[in-house]
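A.B. asks: just to be clear, the model below is a prediction. Sequence and coordinates:
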Amino acid sequence: MESIKTLHGVGPERAKVFEKKGIKTVNDLLYYFPRTHEDRTHFTDIKESVVGEFVCFSVTVYSPIRESRIRKNLTLYQMTVFDESGSMNVVWYNNRFLKGAFLTGENVLLFGKVTLSGSKKVLQNPIYEKPKKQHFIGRIVPIYPLSGNLSQKIIATLMEEALEKVGTISEYMPKTILQKYGIADINFAMKNIHFPSKIEDYNFARKRFVFEELLFLRLALLSRRESNTKKERMPFENIDCVKSFIDSLPFSLTNAQKRVVDEIMEDVKKRVPMNRLIEGDVGSGKTVVAAAAMYVAVKNGYQSVIMAPTEILANQHFETFNKLFENTDLKIALLTKSTKNKQKVLEQIKNGEYQIIVGTNAVIQDKVLYNNLGLTITDEQHRFGVSQRAKLNEKGDNPNTIIMTATPIPRTLSLILYGDLDISIIDELPPGRKPAQTFAVDEKMRKRVYAFLEKNVKAGMQGYVVCPLIEESETEDLANAESVCKTLKNLFPNFNIGLIHGKMKADEKDTVMQEFLDKNIDILVSTTVIEVGVNVPNSNIMIIENAERFGLATLHQLRGRVGRGCEQSYCIMFCNSDNEITKKRMETLCKSNDGFYISEEDLKLRGPGDFFGTRQHGLPEMKIANLFSDRDILALADKVAEDIATKKENLTLEEEKILFGYAEKAIPDSIILN
Ligand code: ADP
Ligand code: MG
């Protein structure tokens, strides 16, 4: 494979930027697909052009570039152009390369936004090209996700070079399958995913890569399932002991919890290791189900470990388990980055003195050795990668596995995506819970919202204020945790206002969270670090700033932080957007408290090409497929994968080998596999 450095214009610096995106070879670059395309095939004349719109012009230079220095850091470069319909000015800022770039009478192509200066049309900062050498004007132009100092122009230029350099790509999908299902071959697809001359060609190309991505995913899952069923372990003998644990609880389990505990018990009796996903909305009580399973593991002579994504959450689980197992002889270890006497704790884990281990990803470090690990649990699975979960399981001898997630995904999708797992759903909240009343409001309501917050805090409750960014950013006018914290301190000098965000060290975060739990903090301003699992029953109000910035699944998760006690709780979302889709999204949250429904709506309301935030769903992050809008292709890929695995497609051994090889390499890191 040729290094990306063999392309003109990729030096060591640029190579580094690409490497950060996982692009090392020319071939890798080809698979860096555009996020969308912009149709720049339509030319207008100056007279017809509409102010505020982006348009292409083919014009003649009337007067070449004039340079005028406005102030120290601002120099204007202007020229006048004309066509048959009229003339207009073109302006660029601080681009000294433009001096002498155009000659009077020369034909140029321009693409940019038409604005008004007084009553005259002006084209600001347009892209320019000379006819016959055009790449970015007069055609459908790819728009790539940017990073570093890469520009669209740089990437597209490199992409053209890469396509040329690679020449003909050899096809890795069996021809029979391409023909049978009307899928584009790789060479057509590769050219047209980047540089289509018609949008239909792009769609056809895209379908190929979507199909390919989903097929590989399904093939990978099928081969995992195959190898999973070949694993063996000792069944747990003593299942009845779970009753005494359940009887010791201060509450009775919900029917959904009971059902899931039963499903787990059926699994651990078997000779094949359990491989189960527990899906349950925030607050549905997954922890106690996990505890029941761990209890049974210990009573059968095994160690059991639970891995949580944050230190705060690990601490909270540790406390919860200490309470739940208060009247037993179980010994519980807490293993995180901040664990004191780590050497000793590790020793006691290794020699089996601790039977239950609660921790962060510290529990998968190489130096942690277990003593007969029989059950592993991953909480909030979408926060971990495949390799982390795999590492956890390698700590034991085919241990039973539970994976927990609070981000419900539509059932149709979970069947396909989690095809190698058994699924348990906790679709019932413990009794007495009142769902948070949710409101979407705009700036005009701010005073009233703060008054309401004040009223609740005065009544002894606590509140959260969640912000999307940590530091003030100049380019984006977003509320941010630090300045919101200042504002609230000024507004409520008698309240204790705390701040917690992702850039703080783990022990700092812990201290703040502990203060909040101890009611020393009345209002906690935070970024989304509180999203995951933390439980403070006395907090009943949450204000979310710039709610339009969050995915619905995240907002639903966040709101799950309140309403954990018996007081009525409230979630108030500031949303400063008139966008119709955003409004619909907010409405969905205001009227529903059903995580499954919300996640379905969320996927529906994201258009194709809307790539952000699949992580929030716990869905695998796909390169090009949209799991909702591409569900027809997903169904097809599912069928074809099944047919391949059961030899119905009549592929040659060589063809199968190539496919499964690609499949194994193409697994997204965020998919649940064991
Ligand atoms: P999640 O599913 O979001 O992880 P938790 O396990 O943290 O939810 O449970 C949320 C709260 O509900 C905890 O305080 C827990 O003690 C309580 N809880 C769990 N199950 C029940 C139940 N059956 N009855 C009453 N309270 C319960
Ligand atoms: Mg939880």
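C.D. replies: Cool, the structure landed. Every value quoted in this text rests on a predicted model; they were computed, and no experiment measured them. Ligands and ions are numbered 1, 2, ... in the order given.

A.B. asks: distance of residue 540 from ligand 1?
C.D. replies: From residue 540 across to ligand 1, the span is 14 Å (C-beta to the nearest ligand atom, to the nearest Å). Placement of C-beta: from N, CA and C, glycine included.

A.B. asks: tell me if the helix or strand where residue 553 lies is near ligand 1.
C.D. replies: Assigned by DSSP states H and E, residue 553 belongs to helix 552-559. No - using C-beta under 6 Å from any ligand atom, helix 552-559 never reaches ligand 1; the gap is at least 9.1 Å.

A.B. asks: export that helix as PDB, just CAs?
C.D. replies: Output of helix 552-559 as PDB, limited to C-alpha atoms (Å, rounded to 0.1, in the frame of the first residue of the first chain):
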ATOM      1  CA  LEU A 552     -32.400  13.500  21.900                       C
ATOM      2  CA  ALA A 553     -30.900  10.400  23.400                       C
ATOM      3  CA  THR A 554     -28.500  12.500  25.400                       C
ATOM      4  CA  LEU A 555     -31.200  14.900  26.500                       C
ATOM      5  CA  HIS A 556     -33.300  12.000  27.700                       C
ATOM      6  CA  GLN A 557     -30.300  10.500  29.500                       C
ATOM      7  CA  LEU A 558     -29.600  13.900  31.100                       C
ATOM      8  CA  ARG A 559     -33.200  14.300  32.300                       C
END
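
A.B. asks: pLDDT score for residue 671?
C.D. replies: Looking at residue 671, its pLDDT is 56.

A.B. asks: run a quick neighbour tally on the closest residue to ligand 1 within the stretch 451-600 of the chain.
C.D. replies: As assessed by C-beta to the nearest ligand atom, ligand 1 sits closest to residue 535 within the stretch 451-600 of the chain, at 5.1 Å. Using other C-beta atoms under 10 Å, residue 535 is surrounded by 18 other residues.

A.B. asks: for the residue lying closest to residue 298 once chain neighbours are set aside, give its distance to ligand 1.
C.D. replies: Closest residue to residue 298 apart from its sequence neighbours, by C-beta to C-beta, 6 or more residues apart in numbering: residue 355 at 4.4 Å. The gap separating residue 355 from ligand 1 is 20 Å, by C-beta to the nearest ligand atom.

A.B. asks: count the residues that sit near residue 355.
C.D. replies: Using other C-beta under 10 Å, residue 355 has 24 neighbouring residues.

A.B. asks: lowest-scoring secondary structure element of this structure by mean pLDDT?
C.D. replies: Using mean pLDDT, DSSP states H and E, helix 411-417 stands out as the lowest-scoring helix or strand of the chain, at a mean of 70.

A.B. asks: beyond it, next helix or strand please.
C.D. replies: Beyond helix 411-417 toward the C-terminal end (DSSP H and E), the next one is strand 422-426.

A.B. asks: helices and strands around that following strand, which ones?
C.D. replies: helix 255-268, strand 275-280 (3 or more C-beta pairs under 8 Å, 6 or more residues apart in numbering; DSSP states H and E).

A.B. asks: so which of those gets nearest residue 80?
C.D. replies: Proximity to residue 80 (C-beta to C-beta) singles out strand 275-280 among the helices and strands packed on strand 422-426, at 63.7 Å.

A.B. asks: quick one: residues in contact with that closest one.
C.D. replies: 228, 256, 260, 263-264, 267, 286, 289-290, 381, 400-406, 408-409, 414, 418, 420-427, 672, 674 (C-beta atoms under 8 Å, 6 or more residues apart in numbering).

A.B. asks: what subset of those residues is buried?
C.D. replies: 228, 256, 260, 263-264, 267, 286, 289-290, 381, 400-406, 408-409, 414, 418, 420-421, 424-427, 672, 674 (16 or more other C-beta atoms under 10 Å).

A.B. asks: just the residues you listed that are near ligand 1?
C.D. replies: 286, 406.

A.B. asks: surely residue 357 is within a strand?
C.D. replies: Yes - assessed with DSSP: H, G, I helix; E, B strand; the rest coil, residue 357 lies in a strand.

A.B. asks: for it, name its beta-bridge partners.
C.D. replies: Using DSSP bridges, the beta-bridge partners of residue 357 come out as residue 305, residue 333.

A.B. asks: up against ligand 1, what does the stretch 301-450 of the chain have?
C.D. replies: Going by C-beta under 6 Å from any ligand atom, the residues of the stretch 301-450 of the chain near ligand 1 are 406, 430.

A.B. asks: my guess is residue 235 contacts residue 271. True?
C.D. replies: Yes - contact criterion C-beta atoms under 8 Å: residue 235 and residue 271 qualify, at 5.8 Å.

A.B. asks: neighbour count: those two, which is higher?
C.D. replies: Per other C-beta under 10 Å, whichever of residue 235 and residue 271 has more neighbours is residue 235, with 14 against 10.

A.B. asks: what residues are up against that one?
C.D. replies: Under the criterion of C-beta under 8 Å, 6+ apart, the neighbours of residue 235 are 268, 269, 270, 271.

A.B. asks: do residue 406 as well
C.D. replies: 280, 281, 282, 284, 286, 380, 533, 557, 560, 595.

A.B. asks: least confident of those residues?
C.D. replies: residue 533 (55).

A.B. asks: now the angle from the secondary structure element (helix or strand) that residue 376 belongs to to strand 275-280?
C.D. replies: Applying DSSP H and E as the criterion places residue 376 in strand 373-378. With axes from the mean of the first three to the mean of the last three C-alpha atoms, to 10 degrees defining the directions, strand 373-378 sits at 40 degrees from strand 275-280.

A.B. asks: packing partners of the following helix or strand past strand 373-378?
C.D. replies: Scanning forward in sequence from strand 373-378 by DSSP H and E, the next helix or strand is helix 386-394. Counting by 3+ C-beta pairs under 8 Å, 6+ apart, the packing neighbours recorded for helix 386-394 are strand 303-307, strand 373-378.

A.B. asks: who in the chain is up against ligand 1?
C.D. replies: 251, 253-254, 257, 280, 282-288, 406, 430, 533, 535, 564.

A.B. asks: out of these, list just those in strands.
C.D. replies: residue 280 (DSSP state E).

A.B. asks: quick one: buried ones out of the residues of the chain next to ligand 1?
C.D. replies: The buried subset of the residues of the chain next to ligand 1 (16+ other C-beta under 10 Å) comprises 253-254, 257, 280, 282-288, 406, 430, 533, 535, 564.

A.B. asks: mind picking the two most distant members of these?
C.D. replies: 253 and 533 (19.1 Å).

A.B. asks: what about the one residue in the stretch 101-250 of the chain that gets nearest to ligand 1, distance to residue 495?
C.D. replies: Relative to ligand 1, the nearest point of the stretch 101-250 of the chain is residue 249 (7.6 Å; C-beta to the nearest ligand atom). Here residue 249 is placed at a distance of 36 Å from residue 495 (C-beta to C-beta, to the nearest Å).

A.B. asks: more neighbours: which of these two?
C.D. replies: Neighbour count, other C-beta under 10 Å: between residue 249 and residue 495, residue 495 has more, with 17 against 13.

A.B. asks: separation between residue 589 and residue 650?
C.D. replies: In terms of C-beta to C-beta, residue 589 sits 49 Å off from residue 650.

A.B. asks: of those two, who's got more company?
C.D. replies: Legend: neighbour count by other C-beta under 10 Å for residue 589 and residue 650, higher for residue 589 (23 against 10).

A.B. asks: got the phi and psi for the residue of the stretch 101-250 of the chain closest to ligand 1?
C.D. replies: Main-chain torsions, residue 249, degrees, to the nearest 10: phi -70, psi 150.

A.B. asks: I'd say it and residue 288 touch.
C.D. replies: Yes - contact status for residue 249 versus residue 288: in contact at 6.8 Å, counting by C-beta under 8 Å.

A.B. asks: contacts for the helix or strand hosting residue 635 next, please.
C.D. replies: Secondary-structure assignment from DSSP H and E places residue 635 in helix 631-645. Contact partners of helix 631-645, identified using C-beta under 8 Å, 6+ apart, comprise 177, 181, 207, 210-211, 214-215, 217-219, 222-223, 226, 412-413, 416, 625, 627, 649, 651, 656, 659.

A.B. asks: can you tell me what sits against whichever helix or strand comes after it?
C.D. replies: Downstream of helix 631-645, the first helix or strand assigned by DSSP H and E is helix 653-665. The contact list for helix 653-665, computed with C-beta under 8 Å, 6+ apart, reads 172, 173, 174, 215, 216, 217, 219, 220, 223, 644, 651.
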